[in-house]
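J.: here you go, sequence then predicted model.
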Amino acid sequence: MKITVVGTGYVGLVTGACLAEMGNQVVCLDRDPERIATLQNGQLPIHEPGLLDIVLRNTRSGRLVFTGDVDHAVAHGRVQFIAVGTPAGEDGSADLQHVLAAAQAIAERMQEPRLIVNKSTVPVGTADRVRELVTQVLQARSMPALAFSVASNPEFLKEGSAVQDFMRPDRVVVGADDPQTAQTLHQLYAPFMRNRDRLILMDVRSAEFTKYAANAMLATRISFMNELALLAEKLGADIEQVRTGIGTDPRIGTHFLYAGTGYGGSCFPKDVKALIHTAHEAGQNLRILQAVEAVNERQKQVLVDKIVARFGLDLRGRRFALWGLAFKPGTDDMREAPSLTLIDRLLALGAEVAAYDPVALAQARIALGERTGLRLLDQADAALEGADALVIVTEWKEFRSPDFAHLAATLRQPVVFDGRNLFEPANMRALGLEYHAIGRGTP
């Protein structure tokens, strides 16, 4: 099938590459010439395990093409995926200017019937707006009879495992209002579901809502556990043991029940805000999600509060080693990362910070810029030199089994603040390390 994907960001690039991997002829369009040049040169603008191999294999075969030529891209694809960003506005609403601009560009150039699929995360009713816009443009072009349809196909990709998520989906949600659209998308996704059909067909508005509902639920689970973790510390309970106790209940499950420093990234923060805004416009107050957002903002401060409790409010002359900058392992994404809040507060209190991340240093330099007292280093051990304590923010695998003796000997003081609960408190104490974790109080 001939496919066009508008947007070569995280979702668009993974979508285009994986569809090409299944034999489709895919053109990926982006208006950023630098990004297109990067992709044409066999490099990726993002870090995602396994993606580069797929991109290189399919560009060499000719099944995957990157271009800035809008005319060529619109003429190519029978199916036109819109996979552009929908950043949060100042009021929390999703900014749809890029989605609508993509739809208009398609409408202005289409000469044959097209299926336009919203892959971007968009508020309920966006497909209707796209349909109205395309209709208006076609009427202005004196082509009102040119057939087209609009569908919703939200993505459920996890950064760090997006390729696997796309190639082996646990579900494919399709919002379609006519049988032909549903059949086309079912044909497109059938190769990804050979052992069991996982396509869930629904109306377009329900599909748009499903994406927000899923992210809101996951964000809620994270904030719920973080809220309980703070209480566990007060009561002398261990949130990790509590997590095991409730996670084995099949009605609850184990996913997204890890206490930590709060959620970040490109999805949860903006999608929770967008859903709250949508509800407000509909005259409804989403109190649970408002609390989820408030708990998450507070949780980003927890590690600093622990540091202040240990070292005092005046951190001048103190240096902290920070391991992990990306909002989660497996990605270089710094958007809404808890590390940003932590670094800002430590620097504001007079501390110096030496930070390391296996893959996110380039993005961290963009996000943080030049700041007095901050050094970004390319070796974990180098960050420890002269530091009063180690602060772990992102749970990269390489942090799980460090040389504890070397760590204790290198730090000025053998103090570890663990924002991801990587270690057992009793073991750390036995190793002579002062250990501060999240919600792991002892009686």
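T.: All right, it came through fine.

J.: alpha carbons only for contacts and neighbour counts from here, please
T.: Noted.

J.: what about the strands in the stretch 51-200 of the chain?
T.: In the stretch 51-200 of the chain, the strands defined using DSSP state E, counting those that start in this stretch lie at 64-67, 79-82, 114-118, 148-152, 172-175, 199-202.

J.: the fifth one: how far from the chain's middle?
T.: For strand 172-175, the distance between its averaged C-alpha position and the chain's averaged C-alpha position is 20 Å (Cα atoms, centre = their mean, to the nearest Å).

J.: likewise for the third one?
T.: Taking Cα atoms, centre = their mean, the mean C-alpha location of strand 114-118 is offset from the chain mean by 24 Å.

J.: contacts for it next, please.
T.: 77-83, 103, 127, 147-154, 181 (Cα atoms under 8 Å, 6 or more residues apart in numbering).

J.: low-scoring stretches of this protein, by residue?
T.: 442-443 (pLDDT under 70).

J.: how does it look with 50?
T.: For the chain, the stretches with pLDDT under 50 are 443.

J.: could you chop it up by domain?
T.: Following automatic domain parsing, one gets these domains for the chain: 2-202, 212-297, 300-436.

J.: show me where the stretch 251-400 of the chain has helices.
T.: 268-281, 287-299, 302-311, 338-348, 361-368, 380-384 (DSSP state H, counting those that start in this stretch).

J.: next, format the domains of the chain as CSV and append mean neighbour count.
T.: Listed next are the domains of the chain as CSV, based on neighbours: other Cα atoms under 10 Å:
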stretch, mean neighbour count
domain 2-202, 19
domain 212-297, 18
domain 300-436, 19
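
J.: now the strands of the stretch 51-200 of the chain in a markdown table, with distance to residue 304?
T.: As requested, those are arranged in a markdown table below (distance: least, Cα to Cα, whole Å):
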| stretch | distance to residue 304 |
| --- | --- |
| strand 64-67 | 44 |
| strand 79-82 | 40 |
| strand 114-118 | 40 |
| strand 148-152 | 42 |
| strand 172-175 | 40 |
| strand 199-202 | 44 |
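
J.: who's in contact with residue 135?
T.: Residues in contact with residue 135 (Cα under 8 Å, 6+ apart) are residue 144.

J.: mind redoing it with 10 Å?
T.: 104, 107, 129, 141, 143-148 (Cα atoms under 10 Å, 6 or more residues apart in numbering).

J.: could you measure from it over to residue 204?
T.: 17 Å (Cα to Cα, to the nearest Å).

J.: look up how far residue 163 lies from residue 407.
T.: 35 Å.

J.: same question but for residue 415, I mixed them up
T.: From residue 415 over to residue 163 (counting by Cα to Cα), the distance is 38 Å.

J.: before we move on, what about residue 394?
T.: 21 Å.

J.: cool, residue 366 as well?
T.: Note on residue 366: its distance to residue 163, by Cα to Cα, is 26 Å.

J.: again, but for residue 98
T.: Distance from residue 98 to residue 163, by Cα to Cα: 24 Å.

J.: please apply the same query to residue 438.
T.: In terms of Cα to Cα, residue 438 sits 31 Å off from residue 163.

J.: swap in residue 117?
T.: From residue 117 to residue 163 the distance is 20 Å (Cα to Cα).

J.: with residue 73 instead?
T.: Counting by Cα to Cα - residue 73 and residue 163 are separated by 23 Å.

J.: what is the longest helix seen in the chain packed up against?
T.: Ranked by residue count, the top helix of the chain under DSSP state H comes out as helix 204-235. Helix 204-235 sits against helix 126-140, strand 148-152, strand 172-175, strand 199-202, helix 239-247, helix 268-281, helix 287-299, with contacts defined as 3 or more Cα pairs under 10 Å, 6 or more residues apart in numbering; DSSP states H and E.

J.: redo that, cut-off 7 Å
T.: strand 148-152, strand 172-175, helix 268-281, helix 287-299 (3 or more Cα pairs under 7 Å, 6 or more residues apart in numbering; DSSP states H and E).

J.: before we move on, back to that, nearest to residue 434, out of the strands of the stretch 51-200 of the chain?
T.: strand 172-175 (46.8 Å; Cα to Cα).

J.: what does that closest one contact?
T.: Residues from elsewhere that reach strand 172-175 (Cα atoms under 7 Å, 6 or more residues apart in numbering): 151-154, 198-204, 207.

J.: change it to 10 Å
T.: So strand 172-175 is contacted by 117-118, 127, 150-156, 166, 181-182, 185-186, 189, 192-193, 197-208, 210-211 (Cα under 10 Å, 6+ apart).

J.: please name the residues that touch residue 163.
T.: By Cα under 10 Å, 6+ apart, the contact set of residue 163 is 14-15, 17-18, 48-51, 54, 157, 169.

J.: can you list the residues you listed in JSON lines and add distance to residue 421?
T.: Compiled in JSON lines, the contacts of residue 163 are given as follows (distance: Cα to Cα, whole Å):
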{"residue": "14", "distance to residue 421": "31"}
{"residue": "15", "distance to residue 421": "34"}
{"residue": "17", "distance to residue 421": "35"}
{"residue": "18", "distance to residue 421": "34"}
{"residue": "48", "distance to residue 421": "24"}
{"residue": "49", "distance to residue 421": "24"}
{"residue": "50", "distance to residue 421": "28"}
{"residue": "51", "distance to residue 421": "29"}
{"residue": "54", "distance to residue 421": "34"}
{"residue": "157", "distance to residue 421": "25"}
{"residue": "169", "distance to residue 421": "29"}
